[in-house]
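Visitor: Generate a structure from the sequence data that follows.
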Amino acid sequence: MTADRADGTSADPSQAPGEPRGVPRHVACVMDGNGRWAARRSLPRTSGHRAAETTVIDVIEAARTAGVEWLSLYAFSTENWQRPSSEVDFLMRLVRRVVRKHAALLHARGIRCRFLGVADPRIPVPLARDFADLMTLTSTNRGMTLTVAFDHGGRGDIVEAARSLIRSGVPADAVDERRFAAHLPFPDTPDVDLVIRTSGEQRISNFMLWQVAYAEWIFPQVLWPDFRAPHFLECLHAYRQRDRRFGGVTPYTNGEPHP
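Guide: Predicted coordinates:
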């Protein structure tokens, strides 16, 4: 069978590695290294966060052009609230500015935008409103889906899914992976094929724990503010060289067995 790419063309499984067949359907990025980028330049950590904006837009464009259908970016974790209040306040203002600045561009590119996280009262009301407005604006777009994980924690998502199952009265012996996944946030989101964590750190950091169960991981040494489209494409190339067996013996590409 063939799989439709975000640009509307088809990915033929009979094609050689490096052709559209090898493009991961869902790529997730842990955007790590902003603080170290700033420290190496004797700048405040906030300068690293500010510099990351260029990378975010560059990666979104690179993913869309490459034919990635789903892109998820880890912007702010539930644990990040423990950071100094001045840094958290700056991040809230920065994210709001970035959302408002690039909303029209994302919509023009046909990108559907989502925000994965809890409705935390600590999130400023204007920022929450901007999130909701962008999701509404782009809800009918059928290009790439961009999910920004903001105030997100993988464990929290799993706990909330369990609570939802209990509330719905599903009998224990009727619970399987498919039914459980249906209670996760945005249950139409496919499993992650490739996770890119910049800066060389090798941790999951409570990111989309259910969805990354069988993802391939790549840990480029480059810090996120220096990460650009060529680095992203290098990661896609490395992904194409890997055989994904999902515990079996037959190699798979994006969930489909190789011919």
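Visitor: Report the beta-bridge partner residues of the residue nearest the centre of the chain.
Guide: In the chain, the residue lying closest to the centroid (Cα atoms, centre = their mean) is Ser72, at 1.3 Å. For Ser72, the beta-bridge partners under DSSP bridges are Ala28, Thr147.
Visitor: I'd like to check which residues are in contact with it.
Guide: Contact analysis of Ser72 by Cβ atoms under 8 Å, 6 or more residues apart in numbering lists His26, Val27, Ala28, Cys29, Leu116, Leu146, Thr147, Val148, Ala149, Thr189, Val192, Met208. (Each C-beta comes from the backbone N, C-alpha and C, glycine too.)
Visitor: what does Trp224 give?
Guide: Met31, Asp32, Gly33, Asn34, Trp37, Ala52, Thr55, Thr198, Ser199.
Visitor: if you set the cut-off to 7 Å instead, what comes out?
Guide: Contacts for Trp224 (Cβ atoms under 7 Å, 6 or more residues apart in numbering) come out as Met31, Asp32, Gly33, Asn34, Ala52, Thr55, Thr198, Ser199.
Visitor: from the residues you listed, which is closest to Arg41?
Guide: Proximity of the contacts of Trp224 to Arg41 (Cβ to Cβ) peaks at Asn34, which lies at 11.5 Å.
Visitor: pretty sure that closest one contacts Arg50?
Guide: No. Using Cβ atoms under 7 Å, Asn34 makes no contact with Arg50, being 8.8 Å away.
Visitor: These two: which is more packed in?
Guide: Using other Cβ atoms under 10 Å as the criterion, Asn34 and Arg50 rank with Asn34 on top: 23 against 18.
Visitor: Give me the distance between the more buried one and Leu43.
Guide: Distance, Asn34 to Leu43, by Cβ to Cβ, to the nearest Å: 11 Å.
Visitor: Equivalent analysis for Leu165, please.
Guide: In terms of Cβ to Cβ, Leu165 sits 47 Å off from Leu43.
Visitor: The two: which has the busier surroundings?
Guide: Leu165 (18 against 14).
Visitor: Check the nearest residue to the more buried one once chain neighbours are set aside and give its pLDDT.
Guide: Ranked by Cβ to Cβ, 6 or more residues apart in numbering and with sequence neighbours excluded, the top spatial neighbour of Leu165 is His183, at 5.4 Å. You'll see His183 listed with a pLDDT of 97.
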